[in-house]
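Engineer: no sequence on this one, just coordinates:
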């Protein structure tokens with residue numbers, strides 16, 4: 001979806017990195033249902049650059065699988081993991097930081113996560129408590145603590161105490177990641193050889209669903225955090241459209257044929273037809289396909305919870 005610019009987020013992400021990484025070194029990790037739409041959205045890529053996971057098992061297994069594929073080609077390879085739902089500027093600052101992070105990761109044998117200085121007490125992000133600086137040559141720090149998505153009061157305390165957002169942008173030597181998975185992740189480690197042997201289906205059948213944060217980063221002593229040198233936002237929730245798109249004088253953001261009347265600080269997204277929002281404040285209203293979605297802006301980070309509650313209803317209707 002074109003949530004941040006006039007082109008899909010996945011195209012933004014690929015364009016952002018092509019100036020640093022050759023096309024044939026880029027891999028898109030995705031499910032079968034998205035493989036074809038992604039190739040249509042990103043004409044620079046071919047099927048060779050798309051890795052389709054047989055089943056969704058979370059970021060832990062899929063990044064382990066990618067690392068195993070890279071290791072088979074280059075045991076000394078450095079891998080960067082970028083999400084496609086991020087808004088980043090300027091792009092060259094990200095590329096410059098990835099180069100420095102790769103140098104630090106190789107030199108110090110660390111798993112790097114990029115931390116972002118908070119601009120608000122966000123409840124939809126994970127946080128990191130940085131520790132001591134590791135090397136005076138690099139702006140990189142030990143990780144004292146990973147914490148998951150907090151409530152608003154706790155998030156406010158984290159911001160005041162100097163915690164940073166966990167951006168989900170990672171850089172690491174693939175051999176180190178695989179070693180740390182073997183050492184710390186019973187969900188993935190015992191089955192890693194299947195991925196290294198190329199038996200992808202068996203690997204995904206055997207592993208447990210888990211995030212890379214829970215499986216490795218929160219358990220390893222080889223993790224470091226580097227503060228971002230670029231502007232970053234996560235558009236994984238609808239509220240983020242209000243931060244990435246131009247607002248009218250009442251603070252509303254419209255995408256598509258949307259009309260706001262006596263409405264403030266709201267987001268309207270209309271893929272077809274017309275949408276009118278009358279007398280509302282702090283709302284998200286989305287009209288896409290045969291579904292209309294209306295939510296309080298503060299609740300949009302809870303969309304995953306909502307989908308779990310209504311999944312059966314959606315299937316039946």
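Structural biologist: In hand now; what should we look at? Only a predicted model underlies this, so the values are computations on that prediction, with no experimental measurement involved. Numbers count the residues shown, from 1 in each chain.
Engineer: For the helix or strand hosting residue 224, buried residues please.
Structural biologist: Element membership of residue 224, judged by DSSP states H and E, is strand 223-227. Neighbour counts over strand 223-227 (16 or more other C-beta atoms under 10 Å) mark 223-226 as buried. Every residue, glycine included, has its C-beta placed from N, CA and C.
Engineer: and what of stretch 292-310?
Structural biologist: In stretch 292-310, counting by 16+ other C-beta under 10 Å, buried: 295, 297, 300-303.
Engineer: Residue 260 is in contact with residue 248, correct?
Structural biologist: Yes: applying C-beta atoms under 8 Å as the test, residue 248 and residue 260 come out as touching, 7.0 Å apart.
Engineer: Those two: who's more crowded?
Structural biologist: Neighbours were counted for residue 248 and for residue 260 using other C-beta atoms under 10 Å; residue 260 has more, 23 against 11.
Engineer: quick revisit: common neighbours of residue 248 and residue 260, please.
Structural biologist: Contact with both residue 248 and residue 260 is made by residues residue 254, according to C-beta atoms under 8 Å, 6 or more residues apart in numbering.
Engineer: where do the strands sit along the stretch 101-250 of the chain?
Structural biologist: Residue ranges of the strands in the stretch 101-250 of the chain, as given by DSSP state E, counting those that start in this stretch, are 111-116, 127-133, 141-147, 164-173, 223-227, 231-234.
Engineer: Tell me which residues are up against the longest one.
Structural biologist: Strand 164-173 is contacted by residues 63, 67, 76-83, 86, 98, 101-102, 105-106, 109-118, 122, 125-128, 130, 146, 212-213, 225, 227-228, 232, 234 when judged by C-beta under 8 Å, 6+ apart.
Engineer: and what of the third one?
Structural biologist: Contacting residues not belonging to strand 141-147 are listed as 113, 126-134, 158, 163, 166, 213, 217-218, 223-226 [C-beta under 8 Å, 6+ apart].
Engineer: Tell me the strands beside it, with direction?
Structural biologist: Take DSSP bridges as the rule and strand 141-147 pairs in its sheet with strand 127-133 (antiparallel), strand 223-227 (antiparallel).
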